[in-house]
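**Student:** no sequence on this one, just coordinates:
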């Protein structure tokens, strides 16, 4: 996926709700997803107090082989989004990225990778 993009490049932002696309699905693909080789993905808008902050998305490289991938990825992303929204309400003046939350609460995140949303949800559980 690309680092920065216009809001109209993401169907989740355009519609204001989760959006999933992948092999065998009749939903349009977001323009910010550059990988189009059988991968699936879920985008979730990130909002707090009525303000849209961005999106969180998670790709599934083996979507064609895993029929249950959408519900699993949605569950992970909902947990991450809920945690970030709660952190923003609880700590409105501070940074509330997953890294900042781990530092604030003394959670070891050395195992985290760039696309570690699954690990992030594990750390925050």
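**Tutor:** Received, thanks. Given the structure is predicted, the values throughout are model-derived calculations rather than measurements.

**Student:** Identify the bridge partners of the residue positioned nearest the centre of the chain.
**Tutor:** Note on the chain: the residue nearest the mean C-alpha position is residue 56, at 2.5 Å, using CA atoms, centre = their mean. When bridges are taken as DSSP bridges, the partners of residue 56 come out as residue 44.

**Student:** Would you mind measuring from it to residue 64?
**Tutor:** With distances taken as CB to CB, to the nearest Å, residue 56 is found 23 Å from residue 64. All C-beta atoms are positioned from the backbone trio N, CA, C, and that covers glycine.

**Student:** got it, and residue 50?
**Tutor:** Using CB to CB, one obtains 38 Å as the distance from residue 50 to residue 64.

**Student:** Those two: which is more packed in?
**Tutor:** Between residue 50 and residue 64, counted using other CB atoms under 10 Å, residue 64 has the larger neighbour count: 15 against 5.

**Student:** Spell out the secondary structure type for residue 79.
**Tutor:** helix (DSSP: H, G, I helix; E, B strand; the rest coil).

**Student:** Run a quick neighbour tally on it.
**Tutor:** 16.
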